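Colleague: This is a predicted model, with the sequence first.
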Amino acid sequence: MPAYCQDDQVQIGSALSRACFCYALICSFPVSAYIVLVTSLRYHLFIWSVFSPKLLYEGMHLLITAAVCVFFTAMDQTNTDSYLNY
């Protein structure tokens, strides 16, 4: 494989890793806000009926998003390493 193709593959892998990191970071902002709200207002009954389920849903969304990003980044890293070994 020509050297310029290898550089393109490395840049694509780097871009994918950055995109996954940025998406996971953006998804973590609502989770952080809900954690602060639930913690600060934990004695209010409304918190446990509204914000706690929302925190659970957002937390699971963040967990799944992070797992998918780690999977794609690891797969891309494996593909990039195999391109560089040729």
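Modeller: That came through, no problem.
Colleague: CA only for contacts and neighbour counts going forward, please
Modeller: OK.
Colleague: can you give me the helices in this protein?
Modeller: Here the chain has its helices, by DSSP state H, at 3-40, 45-46, 52-85.
Colleague: Would you convert these into CSV that also reports mean pLDDT and mean neighbour count?
Modeller: CSV is the format used below for the helices of the chain (pLDDT from 0 to 100; neighbours: other C-alpha atoms under 10 Å):
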stretch, mean pLDDT, mean neighbour count
helix 3-40, 75, 15
helix 45-46, 82, 10
helix 52-85, 79, 16
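Colleague: Find the centremost residue of the chain, please.
Modeller: In the chain, the centroid-proximal residue (C-alpha atoms, centre = their mean) is Ala24; its distance is 2.9 Å.
Colleague: roughly how far apart are that one and Asp76?
Modeller: For Ala24, the distance to Asp76 equals 17 Å [C-alpha to C-alpha, to the nearest Å].
Colleague: What of Phe51?
Modeller: 37 Å.
Colleague: Also Leu62?
Modeller: Distance from Leu62 to Asp76, by C-alpha to C-alpha: 21 Å.
Colleague: now do Cys22
Modeller: 17 Å.
Colleague: swap in Ile64?
Modeller: 18 Å.
Colleague: same deal with Leu41?
Modeller: 43 Å.
Colleague: same check, this time on Ile47
Modeller: Ile47 is 41 Å from Asp76, by C-alpha to C-alpha.
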